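In: turn this into a structure:
(4 chains)
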There are 2 protein chains.
Amino acid sequence: MNQQVQPGAAIEETLRVVGDRWSILLVRAGLRGIRRFDDFCDDLGIARPVLTERLRRLVKFGIFERVKYQDKPVRYEYRLTEAGLALSPALVALVRWSEEYSQEVSSETTLVHAPCGTELEQAFWCRSCQTTFGPHAVKGVGVNGES
Amino acid sequence: MNQQVQPGAAIEETLRVVGDRWSILLVRAGLRGIRRFDDFCDDLGIARPVLTERLRRLVKFGIFERVKYQDKPVRYEYRLTEAGLALSPALVALVRWSEEYSQEVSSETTLVHAPCGTELEQAFWCRSCQTTFGPHAVKGVGVNGES
DNA sequence: GAGACTGAGTTCGAAATCCGAACTCAGTAG
DNA sequence: CTACTGAGTTCGGATTTCGAACTCAGTCTC
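Out: Alright, predicted model coming up:
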């Protein structure tokens, strides 16, 4: 008996969709070009029933779409939608974090700025001030202006 | 039969720590200033045994630290470490995403640049080029230079 | 100094999830 | 006719999660 909307409840909603061990990995696989059921299955080592359920949910929330790619035996594949692609900043942030802080894994991949190959930094950008800034200068503002 | 290291396996490792319905919410609560067991409990509506286990794990992975804040009855609270704070870009990315794509939740909170109050944008930053850029210009580079 | 309260957990059984392995079903290839 | 594919579904058992109630040390109130 609860569930009153907290400031920032949106993220709760999001995590209810994407906040399990697999969904983000599925998005990641999607970004890597994986589309077919069995390929997701093999790539992630996810159990089939779970994959079925997860894909269905991600489709329902508009992150993947189920597209027929063949008629004779009717076959569908799963493609990231625009909303799905838009999750990539979050993914990148997680990859960056794991590179920096995750112990015990040799990060054999680094993210770079494609044109020049320089390792990227992630920052927030204020259009008014024309500056980048870190997490310390971020603040949440509610409709009624509460901190 | 499995578990060979994929490019970007670091994120798997990270999601094993942080990729459940609660951990990210706990970090978020930490960022909002919540520190005590019962407060986490009330704020998130998480079951107590799960909270116990989750906090223990997050401490083990260096995201929270358990700090004694009182002696008489010995009491501990949980504070975000630097590594924990460093998760905020990922959090912000998720909040931004939910603001933009999550249906059915009125986002009553927006993230802004604290000094000026302008709504923030999230971008990647290349130190060499002195530019910001979006996800399209991001590329992963392995130790051996594979795409 | 007896009773109520607090904060930080534990213990418990019931319910929901996850897993691996085997099965289905339509169509295709030889 | 048999073998194979891709995309699932069905199954029983193992693991997690849940809510509610209990513990335990110390404190506060009278």
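
In: name the residues of the strand or helix carrying A:Ser98 that are buried.
Out: According to DSSP states H and E, A:Ser98 maps onto helix A:88-101. Under the neighbour-count criterion of 16 or more other Cβ atoms under 10 Å in any protein chain shown, helix A:88-101 has A:88-99, A:101 buried. Yep, even glycine has a C-beta here, placed from its N, CA and C like the rest.

In: among these, which are within reach of chain B?
Out: Filtering the buried residues of helix A:88-101 for neighbours of chain B using Cβ under 8 Å from any Cβ of the partner chain leaves A:88-99, A:101.

In: could you single out the nearest of those to A:Ser128?
Out: Set against A:Ser128, the nearest of those by Cβ to Cβ is A:Pro89 (20.6 Å).

In: what about the strands in chain A?
Out: Per DSSP state E, chain A carries strands over the ranges A:64-70, A:75-80, A:109-113, A:121-126, A:131-133, A:138-142.

In: any idea which residue is closest to the centre of chain A?
Out: A:Leu87 (3.8 Å; Cα atoms, centre = their mean).

In: so that one touches A:Val17, yeah?
Out: No. At 10.2 Å, A:Leu87 does not count as touching A:Val17 under the criterion of Cβ atoms under 8 Å.

In: which neighbours do those two share?
Out: Taking Cβ atoms under 8 Å, 6 or more residues apart in numbering or on different chains as the contact rule, A:Leu87 and A:Val17 both touch A:Ile63.

In: flag every residue of chain A that's near DNA strand D.
Out: A:36-39, A:48-49, A:52, A:55, A:66, A:73, A:75-77 (Cβ under 7 Å from any atom of the strand).

In: identify the residue with the minimum pLDDT among those.
Out: Within these, pLDDT reaches its minimum at A:Pro73, with 90.

In: what about that residue, neighbour count?
Out: Neighbourhood size, A:Pro73 [other Cβ atoms under 10 Å in any protein chain shown]: 5.

In: so what's the backbone phi/psi at it?
Out: In terms of degrees, to the nearest 10, the main-chain angles of A:Pro73 are phi -90, psi 120.

In: residue of chain A nearest DNA strand C, please.
Out: Nearest residue of chain A to DNA strand C, counting by Cβ to the nearest atom of the strand: A:Lys72, 2.8 Å away.

In: could you report the neighbour count for that residue?
Out: A:Lys72 has 5 neighbours, counted by other Cβ under 10 Å.

In: excluding its backbone neighbours, what's nearest A:Leu25?
Out: A:Leu44 (5.5 Å; Cβ to Cβ, 6 or more residues apart in numbering or on different chains).

In: circling back: need the strands of chain A in CSV with mean neighbour count, can you?
Out: What follows is the strands of chain A, written out as CSV (neighbours: other Cβ atoms under 10 Å in any protein chain shown):
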stretch, mean neighbour count
strand A:64-70, 14
strand A:75-80, 18
strand A:109-113, 19
strand A:121-126, 20
strand A:131-133, 16
strand A:138-142, 16
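
In: same list (those strands) but as JSON lines, adding distance to DNA strand C.
Out: Shown next, in JSON lines, are the strands of chain A (distance: least, Cβ to the nearest atom of the strand, whole Å):
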{"stretch": "strand A:64-70", "distance to DNA strand C": "9"}
{"stretch": "strand A:75-80", "distance to DNA strand C": "9"}
{"stretch": "strand A:109-113", "distance to DNA strand C": "23"}
{"stretch": "strand A:121-126", "distance to DNA strand C": "29"}
{"stretch": "strand A:131-133", "distance to DNA strand C": "33"}
{"stretch": "strand A:138-142", "distance to DNA strand C": "24"}
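
In: A:Arg48 and A:Leu31, how far apart?
Out: 22 Å (Cβ to Cβ, to the nearest Å).

In: comparing the two, which residue is more hemmed in?
Out: A:Leu31 (19 against 11).

In: look at the more buried one and report its pLDDT.
Out: Looking at A:Leu31, its pLDDT stands at 89.

In: from DNA strand D, how far off is it?
Out: A:Leu31 is 18 Å from DNA strand D, where distance means Cβ to the nearest atom of the strand, to the nearest Å.

In: swap in A:Thr14?
Out: Distance check for A:Thr14 against DNA strand D: by Cβ to the nearest atom of the strand, it reads 16 Å.

In: if I look at the residue lying closest to that residue once chain neighbours are set aside, how far off is DNA strand D?
Out: Once flanking residues are discounted, A:Thr14 sits nearest to B:Ser98: 4.0 Å by Cβ to Cβ, 6+ apart. Going from B:Ser98 to DNA strand D by Cβ to the nearest atom of the strand gives 19 Å.
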